[in-house]
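Student: Using only what follows, build the 3D model:
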Amino acid sequence: MTATVTERSAAGDAIGEIPSFTVTLRIERFDPDTPSPTPYSQDFTLTMHGTDRVLDALHKIKWDLDGSLTFRRSCAHGICGSDAMRINGRNRLACKTLLKDLDLSKPITVEPIKGLPVKKDLIVDMEPFFASYREVMPFLITTGNAPTRERLQSAEQRERFDDTTKCILCACCTTSCPVFWADGQYFGPAAIVNAHRFIFDSRDEGGTQRLSILNDKEGVWRCRTTFNCTDACPRGIEVTKAIAEVKRAIVTRTY
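Tutor: This next block holds a predicted model:
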């Protein structure tokens, strides 16, 4: 028997249908404008789809359920690093974390990243993080006249620091570090990663200055090699390895 147009259309829709499911997000809220500001948890139950990410769920809550929910996001494609948060106890980017990859049998906890002051809900004050970043001079330092052509570099020289060029300053690594939680003065993994990117750049002449800065008591020697930072990095940077290489450069000055 030949299928009718309606039957064929219905079958096609079923094949292309994206599965839906119910999920509960347990979000840590904080409103500094209340008389006695205190963090508290709030549950939101949503119907989502298999292609949705945590950021999509946060959008749905803000747009349809509670417009006061506050969080950062920008490109929503895992490039800008704006939407770093703790999801089920791990630092992740909300835009890269698929809901279906999480345990949907219990509420998904969403909290601000640790170690930085919370300004509202999932937004933290990033200034201490960026202060450490600026202190390591994350820019090319050269002497002499400006060149009349590009500064050439071999593929091998570029490979030496290629991994640490991938940092998007999301703070996932730094705010996953127990030393940073305990001592807000520690430079933190992200600042060291961005120093590494220039210390090992053959075109740069500021390596000695940066190594001197990171040889401080709050510098690389505070690292306890727990690998939390490497596990948390959404770009797959070998953060712990980069920190070890900076330590070695301080001792041997072979950079």
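Student: Residues in contact with the longest helix along the chain: which ones?
Tutor: Identified as the longest helix of the chain according to DSSP state H is helix 239-252. With contact meaning Cβ atoms under 8 Å, 6 or more residues apart in numbering, helix 239-252 is reached by 163-164, 173, 189, 192-193, 195-196, 199-200, 207, 211, 214-215, 220-221, 223, 225, 227, 229-230, 233, 254-255. No exception for glycine: its C-beta is placed from N, CA and C like everyone else's.
Student: List buried members of the residues you listed by neighbour count.
Tutor: Among the contacts of helix 239-252, those classed as buried by neighbour count (16 or more other Cβ atoms under 10 Å) are 163-164, 173, 189, 192-193, 195-196, 199-200, 207, 211, 214, 220, 223, 229-230, 233, 255.
Student: ranges for the strands of the stretch 1-150 of the chain?
Tutor: 20-29, 40-49, 84-87, 90-93, 108-111, 118-120, 123-124 (DSSP state E, counting those that start in this stretch).
Student: rewinding a little: mind listing which of the contacts of helix 239-252 are in strands?
Tutor: The strands, defined by DSSP state E, take in nothing from the contacts of helix 239-252.
Student: Kindly check the end-to-end length of stretch 205-225 for me.
Tutor: By Cα to Cα, to the nearest Å, the extent of stretch 205-225 from end to end equals 28 Å.
Student: what pLDDT, on average, does it get?
Tutor: On average, the pLDDT along stretch 205-225 is 95.
Student: Also stretch 126-142?
Tutor: 97.
Student: What residues of it count as buried?
Tutor: 126, 128-129, 132-133, 135-138.
Student: what's the spacing between the closest residue to Val54 other than its chain neighbours and Ile79?
Tutor: Closest residue in space to Val54, ignoring its immediate chain neighbours: Ala94 at 4.2 Å, by Cβ to Cβ, 6 or more residues apart in numbering. Using Cβ to Cβ, to the nearest Å, Ala94 is found at 13 Å from Ile79.
Student: Can you get me a residue count around Gly219?
Tutor: 25 (other Cβ atoms under 10 Å).
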